[in-house]
Each structure stands twice: as structure tokens, then as C-alpha cells.
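**Student:** With the input below, show me the fold.
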Amino acid sequence: MKKYLLKLFITGKTSRSEAAISNLKQICSENLNEEYDLLVIDVLDNPQLADDEKVLATPTLIKELPPPLRRIIGDLSEKEKVIKGLELKKINEQE
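**Tutor:** So this is what the prediction gives:
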């Protein structure tokens with residue numbers, strides 16, 4: 001099985017940040033069968049991490065594992081686009 005590493009960069013406890021977290025958790029629970037690690041990083045608390053990852057806007061989702069690296073910006077409300085952007089269907093179909 002594949003293991004996913006996802007990093008979600010947010011800015012504070014805003015409605016947009018909360019929506020991104022909620023949407024991502026739903027996508028993960030429906031598609032990844034708990035085979036993922038999710039790190040939620042608040043750029044107000046950890047500006048250096050955001051700088052290291054070159055995050056210019058929030059919310060930003062970075063899929064580090066499995067390769068290739070993917071980035072999605074926004075509240076992740078368009079679930080099919082997120083799934084396609086993260087290549088979840090392609091990977092799930094190969095298993």
C-alpha cells in the first residue's frame with residue numbers, strides 16, 4: 001500500500017482555513033483509507049516552514065509522498081479537481 005504525506009498550510013482560524021481542513025479530511029477519509037499523514041501548518045505560527053516550502057498563498061496543500069510533488073491552492077471545495085490534482089484516482093486504480 002502507498003503512504004501519503006500531505007501538508008496543508010493555512011493562515012489562522014479563518015472560515016477559509018476551516019473549510020480547507022474539513023474538505024481535505026473528507027477527501028482523505030473517502031479515498032485514502034487512513035494511509036496518509038496530514039500536517040496542518042499555520043503560517044502565523046510557523047512562517048519559516050511556509051518560506052521553506054515557498055508557500056505564497058493560503059490555504060495551500062502540498063502532496064509530498066508519493067511522488068510527484070503536487071500543490072493545490074484554495075479551500076479544496078472542488079473535490080473532483082483535488083482528487084485529480086493529487087492523482088488519487090490514478091494511484092487507487094493501479095492498486
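**Student:** going forward, measure contacts between C-alpha atoms and count neighbours the same way
**Tutor:** Will do.
**Student:** Tell me the spacing between the residue nearest the centre of the chain and Gly74.
**Tutor:** For the chain, Leu61 is the residue whose C-alpha lies nearest the centre (C-alpha atoms, centre = their mean; 3.5 Å). Distance of Leu61 to Gly74, given as C-alpha to C-alpha, to the nearest Å: 8 Å.
**Student:** need the contact list for the closest residue to Lys63 other than its chain neighbours.
**Tutor:** Spatial nearest neighbour of Lys63, excluding adjacent residues (C-alpha to C-alpha, 6 or more residues apart in numbering): Leu6 at 4.6 Å. Leu6 makes contacts with Tyr36, Asp37, Leu38, Leu39, Leu61, Ile62, Lys63, Glu64, Leu65, as judged by C-alpha atoms under 8 Å, 6 or more residues apart in numbering.
**Student:** what does Lys7 give?
**Tutor:** Here Lys7 is in contact with Leu38, Leu39, Val40, Ile41, Leu61, Ile62, Lys63, Glu64 (C-alpha under 8 Å, 6+ apart).
**Student:** top helix in the protein by residue count?
**Tutor:** Looking across the chain with DSSP state H, the single longest helix is helix 15-31.
**Student:** Return the list of helices and strands in contact with that one.
**Tutor:** helix 79-85 (3 or more C-alpha pairs under 8 Å, 6 or more residues apart in numbering; DSSP states H and E).
**Student:** Give the other helices and strands that the helix it packs on contacts.
**Tutor:** Using 3+ C-alpha pairs under 8 Å, 6+ apart, helix 79-85 is in contact with helix 15-31, strand 70-73.
**Student:** Output the contacting helices and strands for the last one.
**Tutor:** Based on contacts counted as 3+ C-alpha pairs under 8 Å, 6+ apart, the elements that strand 70-73 packs against are strand 60-65, helix 79-85.
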